[in-house]
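Undergrad: whatever this is, show me its structure:
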Amino acid sequence: MIAVRIKYVQKHRGRDGRVRYYFRHPRLPRVSLPDLHSDDFWPAYQKALAQDTFQEKQTAKEGDTFSALCEAWLRSAHYIGLKPSTQRGYRNIVRRMQLEDFADHQVRYFTTPHIRAFIGRKSKTPAAANHWLKMFGMIFQYAVDRGEIERNPATGISRMKEKSVGAKSWEDSEIAQYENYWPSGSTARLALYLLLYTGQRRSDVVRMGWADIQEAGLLSVQQMKTGTRLLIPLHPALAREIDQVPKTHPTFLATEEGKPFSVHVFSHRIAKWVEMCGIKERLSPHGLRKAAARRMAEAGCSPHQIASITGHKTLSEIERYTKAADQARLARDAVLKIGHGSFTKS
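TA: Sure, this is the predicted structure:
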């Protein structure tokens, strides 16, 4: 079946699972539409298109709405200059914001308390609230730069504290269990070693191939997320697995059809391989990036040495691993010095 897109109509699936349709025009008020398959849809759509032209002119005279500002920002040089994956993520957030009641408010009337209140609607999901805060900041800064408003109302608002710790780092026992189940030469074993011994993200690992192998056993990587270029020495265990990949393959990792993995398919495949080897925890590719950083920290690597492999822009995330490793090492040394003695004097 061919999907037909109707101009100015947006489809939105709510948390209750219901699909709703909205008329969204950058210079006309938002209108809730009947179900697309209802007999009432087209009359309502035509009525929305034919809204009073005076109302349209009045809206333009009074100033643009937040929804209109969003549309302008999505056409801006700043947005167009972003990576496609980043554009897609930002656009999805903006489209959800445009479905909110504040989308039809005039930009010049937004204040910091308003933004704080709108962010508060997402208090049960702090990560989503912080995404909204980031988008408000960028979009209103765009309005400031264009001279439409004097001050960014999103400035000075603190991010919500996120309780989530993100992807779980793989434990050494889980890595060993996975290795014992998946033999050398399997795609599952190669995927493990590419993630673990390069410390890269899944979006980078699925693109690695023979063309990235440099002289002196170095793997050339340009990170998709940050654009950072890295040269990573090949670990002997990883080199043995790569040597078993035909040089005719465009990428080291390939599906049964010989095609490169997409990022999402690769994540699902990792989850399946984890389940098949009997690991009960929900483990992800990103957890192996964390495990790589943890192992390097436990081996005594400095934050700068770890960053030379992982490509982290800041050292704050890496220092979490090195501090934990240093604490464990100091604690072991302290216990050894105590020996069979007591912490307190007799």
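Undergrad: which stretches of the stretch 201-346 of the chain form helices?
TA: Remark: helices assigned in the stretch 201-346 of the chain by DSSP state H, counting those that start in this stretch are 202-205, 236-242, 263-276, 285-298, 303-310, 316-338.
Undergrad: kindly reformat those helices as JSON lines containing distance to Leu194 and mean pLDDT.
TA: In this view, the C-beta of every residue, glycine as well, is placed from N, C-alpha and C. Listed next are those as JSON lines, based on distance: least, Cβ to Cβ, whole Å; pLDDT from 0 to 100:
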{"stretch": "helix 202-205", "distance to Leu194": "5", "mean pLDDT": "95"}
{"stretch": "helix 236-242", "distance to Leu194": "7", "mean pLDDT": "96"}
{"stretch": "helix 263-276", "distance to Leu194": "10", "mean pLDDT": "94"}
{"stretch": "helix 285-298", "distance to Leu194": "9", "mean pLDDT": "91"}
{"stretch": "helix 303-310", "distance to Leu194": "13", "mean pLDDT": "91"}
{"stretch": "helix 316-338", "distance to Leu194": "20", "mean pLDDT": "77"}
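Undergrad: tabulate these (CSV), appending mean neighbour count and distance to Met224.
TA: Output for the helices of the stretch 201-346 of the chain, formatted as CSV (neighbours: other Cβ atoms under 10 Å; distance: least, Cβ to Cβ, whole Å):
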stretch, mean neighbour count, distance to Met224
helix 202-205, 21, 4
helix 236-242, 16, 20
helix 263-276, 15, 9
helix 285-298, 22, 13
helix 303-310, 19, 14
helix 316-338, 13, 18
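Undergrad: compare those and give me the one nearest Gln223.
TA: helix 202-205 (5.6 Å; Cβ to Cβ).
Undergrad: now that closest one: how far from the chain's centre is it?
TA: Put simply, helix 202-205 sits 13 Å off its chain's centre (Cα atoms, centre = their mean, to the nearest Å).
Undergrad: what residues does that helix touch?
TA: 85, 191, 194-195, 198, 221, 223-225, 253, 263, 266-267, 285-286 (Cβ atoms under 8 Å, 6 or more residues apart in numbering).
Undergrad: turn the helices of the stretch 201-346 of the chain into JSON lines, including distance to Leu133.
TA: JSON lines is the format used below for the helices of the stretch 201-346 of the chain (distance: least, Cβ to Cβ, whole Å):
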{"stretch": "helix 202-205", "distance to Leu133": "25"}
{"stretch": "helix 236-242", "distance to Leu133": "40"}
{"stretch": "helix 263-276", "distance to Leu133": "26"}
{"stretch": "helix 285-298", "distance to Leu133": "23"}
{"stretch": "helix 303-310", "distance to Leu133": "27"}
{"stretch": "helix 316-338", "distance to Leu133": "20"}
